[in-house]
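Chemist: Attaching a predicted model along with its sequence, questions to come.
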Amino acid sequence: MPRFYENKYPEVDQLVMVQVQSIEDMGAYVKLLEYDGIEGMVLLSELSRRRIRSVQKHIRVGRNEVVVVMRVDPDKGYIDLSKRRVSAEEVVKCEEQYEKGKAVDSILTQVAKRRGVTPESLYEKIAWPLHRKYGHSYEAFKLSIQEPDAVFGGLDIDEETLAELKHNIARRLTPKPVKVRADIEVKCFAYSGIEAIRKALRAGEACSTEEVPIKVRLVAPPLYVMSTTSTDKTAAIEIMEKAVEAIGNTIAEEKGDITIKMAPKVVSETEDAELKALMEQFEQANMDVAGDDDEDSEDDE
């Protein structure tokens, strides 16, 4: 098990991720997942703020837990930990930090395997120096996708290792595009009905940016689908929400109205396929109707 960070032991008041190994009379023995699996203990009195009737309800063997460091004795190897002193917000914060550490470890382990070296040597040469400079080596790895020279310049690594590192970072950390969709019904029974709807939909598409291009397609009157594909999920949802608002405001000025059937959200390939099938179904129905009209006109002749 690797040591994610340069210090051999965590500091007092630091949040750490542990895995429960055993539960004894005094407390739970755990291993610190970010610190080479060294042993620590969570005393029973530090498991919960409430009265403990069943230890199993608060902690279980094999489960990962977020705890805070209370005492470290490097000479004796004692690390006392507390679960009850950790807030819900701190749990989320620590879990995010741990996931970043795991991502870095996975990349370095793969590079080490390909280059025939130990992961520990790469931590010393790459991860720990970057951690000191950027706050976390994960952030440095992400930045390196755009600015490799700025991030890796000055590190003591050979060209082959650097090339392998860049390859793995690009494969693992390059943001993957997501599809964001919203389904809306737009109606206008005023004299300018169709043109008013077009104007409103154009107002929505006008909210597009280079990173978040918005398209509006007709499913079947009055249902329209808005969609965008972007690597920035948060920005995509925010801009799509603004586009829906723009359509609503514009159609309201024309005495029409909008009904949001599905608010902007990330959709899966399955949901996208279902929409495509629905649109094809309506398209086929329209073609059938047009075909019926042709037959009728031939009969009339």
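Modeler: That came through, no problem. Numbers count the residues shown, from 1 in each chain.
Chemist: Show me where the stretch 151-300 of the chain has its strands.
Modeler: Using DSSP state E, counting those that start in this stretch, the strands of the stretch 151-300 of the chain run over 178-187, 215-220, 223-230, 257-266.
Chemist: Include distance to Leu201 when you put the ones you listed into TSV, please.
Modeler: C-betas here are computed from N, CA, C, even on glycine. Converted to TSV, those look like this (distance: least, Cβ to Cβ, whole Å):
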stretch	distance to Leu201
strand 178-187	7
strand 215-220	5
strand 223-230	7
strand 257-266	10
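Chemist: out of those strands, nearest to Val86?
Modeler: Nearest to Val86 among these is strand 257-266; the distance by Cβ to Cβ comes to 30.2 Å.
Chemist: So what angle separates the directions of that closest one and strand 215-220?
Modeler: If you take axes from the mean of the first three to the mean of the last three Cα atoms, to 10 degrees, strand 257-266 sits at 120 degrees to strand 215-220.
Chemist: Could you list every helix and strand in contact with strand 257-266?
Modeler: strand 178-187, helix 233-253 (3 or more Cβ pairs under 8 Å, 6 or more residues apart in numbering; DSSP states H and E).
Chemist: Met26: which of those is closest?
Modeler: helix 233-253 (45.5 Å).
Chemist: That closest one packs against which elements?
Modeler: Going by 3+ Cβ pairs under 8 Å, 6+ apart, helix 233-253 lies up against strand 178-187, helix 193-205, strand 223-230, strand 257-266.
Chemist: need the ones you listed in TSV with mean neighbour count, distance to Lys166 and mean pLDDT, can you?
Modeler: Below are those laid out as TSV (neighbours: other Cβ atoms under 10 Å; distance: least, Cβ to Cβ, whole Å; pLDDT from 0 to 100):
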stretch	mean neighbour count	distance to Lys166	mean pLDDT
strand 178-187	20	24	95
helix 193-205	18	38	95
strand 223-230	20	24	94
strand 257-266	15	29	95
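Chemist: Select, out of the ones you listed, the one closest to Thr161.
Modeler: Here strand 178-187 is closest among those (Cβ to Cβ), at 32.2 Å.
Chemist: Restricting to C-alpha, output that closest one in CSV.
Modeler: Extracted in CSV, the C-alpha atoms of strand 178-187 (Å, rounded to 0.1, in the frame of the first residue of the first chain):
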residue,chain,number,x,y,z
VAL,A,178,-21.2,14.9,-21.2
LYS,A,179,-24.6,15.5,-22.8
VAL,A,180,-27.0,17.9,-21.1
ARG,A,181,-30.6,17.9,-22.2
ALA,A,182,-33.9,19.7,-21.4
ASP,A,183,-37.4,18.9,-22.7
ILE,A,184,-39.8,21.8,-23.1
GLU,A,185,-43.2,22.5,-24.6
VAL,A,186,-43.6,25.9,-26.2
LYS,A,187,-47.1,27.1,-27.3
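Chemist: Outside of that strand itself, list whatever touches it.
Modeler: Under the contact criterion Cβ atoms under 8 Å, 6 or more residues apart in numbering, strand 178-187 has outside partners 197, 200-201, 219, 222-231, 233, 236-237, 240, 243-244, 247, 251, 256-267, 271-272, 275.
Chemist: Correct me if wrong: Arg84 contacts Leu44.
Modeler: No - applying Cβ atoms under 8 Å, one finds Arg84 not in contact with Leu44, separated by 10.3 Å.
Chemist: Which strand or helix spans Gln19?
Modeler: Using DSSP states H and E, the element containing Gln19 is strand 15-23.
Chemist: what's in contact with that strand?
Modeler: Residues contacting strand 15-23 (Cβ under 8 Å, 6+ apart): 10, 28-35, 39-40, 42, 55, 59-69, 81, 86, 90, 93-95, 97-98.
Chemist: Among the residues you listed, name the buried ones.
Modeler: Among the contacts of strand 15-23, those buried by neighbour count (16 or more other Cβ atoms under 10 Å) are 10, 28-30, 32-35, 40, 42, 59, 65-69, 81, 86, 94, 97-98.
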